[in-house]
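>>> Pasted the sequence and its predicted model underneath.
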Amino acid sequence: MPSERKAFALRLDPALHDAIARLANADLRSVNAEIEFLLREALRARGVKLNEKSTTEDNSNNGGE
C-alpha cells in the first residue's frame, strides 16, 4: 500500500454506507478499500486514466489494468 494517502471526511447516507459495507464484506475489503475500488471502477468506465503513482494499489486489488 502506498505510504502517501489523502485523508478526508466523507459524509454518506446511512443506506449507501450499509450497501457499500455489504459489498466490502462480500469482497473481503474494508469499507474504505471498497469505496476506492468503486471510484476507480467508475473512472475506468468513463475512460479516465490515473497516473502511474496512483495505480499501484489498484493493480494489486484486481489484477491490473
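Everything's here; your move.

>>> Phi first, then psi, for the residue nearest the centre of the chain.
Geometric centre of the chain, nearest residue: E36, 1.4 Å, by Cα atoms, centre = their mean. Here is the backbone geometry of E36 (degrees, to the nearest 10): phi -60, psi -40.

>>> What distance do you get for it to A24?
Separation of E36 from A24 (Cβ to Cβ, to the nearest Å): 10 Å. Just so you know, the C-beta spots here come from the backbone N, C-alpha and C atoms, and that holds for glycine as well.

>>> and R40, how many neighbours?
For R40, the count of nearby residues is 19 (other Cβ atoms under 10 Å).

>>> next one: phi and psi at it?
Torsion angles at R40 (phi, psi; degrees, to the nearest 10) stand at phi -60, psi -40.

>>> Verify the contact between it and L50 for me.
Yes: between R40 and L50 there is a contact under Cβ atoms under 8 Å: 7.3 Å.

>>> which SSE is E34 in?
According to DSSP states H and E, E34 maps onto helix 31-45.

>>> Are there helices or strands packed against that helix, and which ones?
If contacts are counted by 3 or more Cβ pairs under 8 Å, 6 or more residues apart in numbering; DSSP states H and E, helix 31-45 sits against helix 14-26, helix 56-62.
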